[in-house]
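Asker: mind folding the following:
(one chain, ligands or ions: 3)
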Amino acid sequence: METPNSNLVQLGWKPFFSKQVSAEEDGRCQPVRVMSVHRGMVTVLGDGIEDSISSSLPVPGGPEDRPTVGDWLLIDRDSWKLVRILDRTSLFKRPAPGDDRRLQLIAANVDTLFVVTSCNQDFNVARIERYLVVAREVGVRPVIVLTKADLSTDPAGFLETASALQPGLQVELVNGRDPESVARLAVHCNVGETVALVGSSGVGKSTLVNTMRGSDSIVTQAVREDDGKGLHTTTVREMHRLGFGPAGGGWLVDTPGMRELQMSEVTAGVAEVFDDIVAITLECRFTNCTHAEEPGCAIRDALGRGALEPQRLDRWRKLATEDVLNTGIAATRRARPRKARKRQ
Ligand SMILES: Nc1nc2c(ncn2[C@@H]2O[C@H](COP(=O)(O)OP(=O)(O)OP(=O)(O)O)[C@@H](O)[C@H]2O)c(=O)[nH]1
Ligand SMILES: [Mg+2]
Ligand SMILES: [Zn+2]
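Answerer: Numbering: from 1, shown residues only. Ligands and ions are numbered 1, 2, ... in the order given. A predicted model of the protein is given here:
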């Protein structure tokens, strides 16, 4: 595809996608982007197309071969039937809750991840780090968005703690209900860019989307007063278009607050988020050092000197162990005979 028109570029069409389309396909097919996924159907937007089409592929494939929000699809120009899913720049997925075999695809072709947490009891360093690990693993830029700054007595303290998690980490402090405050987020979602929002229920993801769009079309709901927990108000994942001008021209993917975020096959992400610890372990005398009792352990040395925070070491150990365990489970699952699997 040579000359992509501006409608497609606004939708997030990039050379990464156009390069995948052969001349023959270009004549026969047209690209559309998935806005939302429903049972057996996807709503898509393309150049001159805004419709709901069947999500069935001509040939059923593996667990990741299903259209998800943000995907680019090639559809037949005449029948509008789905021909294939283009390779993704990024894919968020997780094991479906409550079922050990299914994979839930969360969003594809995301450029930036807004890790949303509020300046209150939701703020939890270990949870933020888990999101950072996933962002690094998937290959998207993380931005920590701290909401409810207006309700906190010490918003600067939250900002400082979050910023200290990784050198160069982008952290934004906002009142999600105030358009002026939220305007600072526009730089992260320019024309054609896609931002996904993740975070616990009630932290204000949908509120941010509404304020950034200057509309109140998405339902939001007050959190419970006793423990500040949200009510899982958003239940669908959907792309929302931002206006143009100062508010940016990109796309926001609102997601329901995730009860669990499982970590499997995130070894590289863990190593990136904890690269300081990884660097210290390289100094241990033994390459298989468990940092328990071995002589010449650089980790124990760093702890002793106060150069490494014991809590941070614990969080790294926990995530690394979880990754090893879950990655093993995932491999076992893949190795199961095909017949034994449930239909995807
Ligand atoms: N004062 C204040 N209230 C906020 C802010 N952000 C969100 N809220 C309120 O917090 C409540 C929950 O916000 P939602 O946007 O529904 O939260 P959510 O993250 O989308 O929650 P789920 O859809 O359940 O995952 C609503 O009553 C919002 O008005 C903020 O920055 N300041
Ligand atoms: Mg919501
Ligand atoms: Zn060691």
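Asker: surely residue 33 touches residue 72?
Answerer: Yes - the criterion here is C-beta atoms under 8 Å, and residue 33 meets it with residue 72 at 5.6 Å. C-beta coordinates here come from the backbone N, C-alpha and C atoms, glycine included.
Asker: low-confidence ranges in the stretch 101-250 of the chain?
Answerer: In the predicted model of the stretch 101-250 of the chain, residues 101, 225, 234-235, 244-248 satisfy pLDDT under 70.
Asker: ok, residue 295 touching residue 285?
Answerer: Yes - taking contacts as C-beta under 8 Å, residue 295 lies within contact range of residue 285: 6.4 Å.
Asker: so who does residue 303 touch?
Answerer: Contact analysis of residue 303 by C-beta atoms under 8 Å, 6 or more residues apart in numbering lists 310, 313.
Asker: so it: helix, strand or coil?
Answerer: When classified by DSSP: H, G, I helix; E, B strand; the rest coil, residue 303 comes out as helix.
Asker: how near is it to residue 126?
Answerer: Residue 303 is 18 Å from residue 126, where distance means C-beta to C-beta, to the nearest Å.
Asker: now the phi/psi pair for residue 73, please.
Answerer: Backbone torsions of residue 73, given as degrees, to the nearest 10, read phi -120, psi 150.
Asker: burial check on it, number of neighbours?
Answerer: A count of neighbours around residue 73, defined by other C-beta atoms under 10 Å, yields 22.
Asker: these two touch, right, it and residue 87?
Answerer: No - using C-beta under 8 Å, residue 73 is not in contact with residue 87, being 11.8 Å away.
Asker: now the top helix by length along the chain, how far from the centre of its chain.
Answerer: For the chain, the longest helix by residue count, based on DSSP state H, is helix 310-335. Distance, stretch centre to chain centre, for helix 310-335: 19 Å (C-alpha atoms, centre = their mean, to the nearest Å).
Asker: show me which residues of the protein sit near ligand 1.
Answerer: Contact residues, the chain versus ligand 1 (C-beta under 6 Å from any ligand atom): 147-148, 150-151, 175-177, 201-207, 220-223, 230-234, 256-257.
Asker: repeat that with 5 Å
Answerer: Within the chain, the residues that sit near ligand 1 (C-beta under 5 Å from any ligand atom) are 147-148, 150-151, 175-177, 201-207, 220, 222, 230, 232-234, 257.
Asker: buried among those? Make that a PyMOL selection.
Answerer: In PyMOL, this line selects whichever of the residues of the chain next to ligand 1 come out buried by 16 or more other C-beta atoms under 10 Å:
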select buried, resi 147+148+175+176+177+201+202+203+204+205+206+207+220+230+233+234+257
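Asker: in helices, which of the residues of the chain next to ligand 1 fall?
Answerer: In this view, the residues of the chain next to ligand 1 that belong to helices under DSSP H are 205-207.
Asker: thanks a lot, catch you later.
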